[in-house]
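Asks: here are the coordinates; sequence isn't available:
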């Protein structure tokens, strides 16, 4: 399923750059861009995007006011504003994430992939959810804001995540280590972190005797 994205930024070139970032992420399509609040609201009505990348500093209305006016669409705020009251207002307004400018294509891709995981899970579960499914959804939603434990690096975490996702099944820490060139202990730490933030799940595999083997599966 393709996720349709509306990019909103008052700066034409920044909107173009962000649209390019989005276009690089598989499964996402930019359906329109807007440079003020009025055009943004009109574009939401016309294109029915799944997700809006919304700047705060717009010429005719604050992006936070636009956020409050939007319904039936998810919003990631993208702004140079880094003061706590603004971030809290965005959270209270229903933003699913907040990305501080300037940011890299990789930083945005991480948030988009996180969003896609939540989106896929929501379409897969039934009309009623269990508590564990709710917990997992909220874990996925906060993954990008959860700091890595000391000694772990974002680049290596992405490497382990890619190996786990691309395998299409499950991996043990030993197998993940072989694929990534890490030690088994390091691979296990990254796999445990991915489980903790809702990006992966632990699946014990029971044999005929002894402890179960810990296997990890990408959560999608």
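Replies: Yes, it's here. Not measured: the values here are computed from a predicted model.
Asks: how far away is the residue lying closest to residue 57 once chain neighbours are set aside from residue 35?
Replies: The spatially closest residue to residue 57, leaving aside those adjacent along the chain, is residue 10, at 6.1 Å (CB to CB, 6 or more residues apart in numbering). Heads up, the C-betas are built off the backbone N, CA and C, glycines and all. Distance of residue 10 to residue 35, computed by CB to CB, to the nearest Å: 5 Å.
Asks: quick check: neighbours shared by these two?
Replies: Common contacts of residue 10 and residue 35 (CB atoms under 8 Å, 6 or more residues apart in numbering): 58, 59.
Asks: okay, and the residue nearest to residue 57 sits in which element?
Replies: Under the assignment given by DSSP states H and E, residue 10 is not contained in any helix or strand.
Asks: show the contacting residues for it.
Replies: So residue 10 contacts 35, 36, 55, 57, 58, 59 (CB under 8 Å, 6+ apart).
Asks: residue 38 now?
Replies: So residue 38 contacts 60, 61 (CB under 8 Å, 6+ apart).
Asks: next, it: secondary structure please.
Replies: When classified by DSSP: H, G, I helix; E, B strand; the rest coil, residue 38 comes out as helix.
Asks: quick one: it and residue 52, what's the gap?
Replies: In terms of CB to CB, residue 38 sits 14 Å off from residue 52.
Asks: check which helices and strands the helix or strand harbouring residue 32 sits against.
Replies: Taking DSSP H and E as the criterion, residue 32 maps to strand 28-34. Strand 28-34 sits against strand 3-8, helix 12-23, helix 37-47, with contacts defined as 3 or more CB pairs under 8 Å, 6 or more residues apart in numbering; DSSP states H and E.
Asks: please identify the most buried of the ones you listed.
Replies: Comparing those by mean neighbour count (mean count of other CB atoms under 10 Å), strand 3-8 ranks first with a mean of 24.
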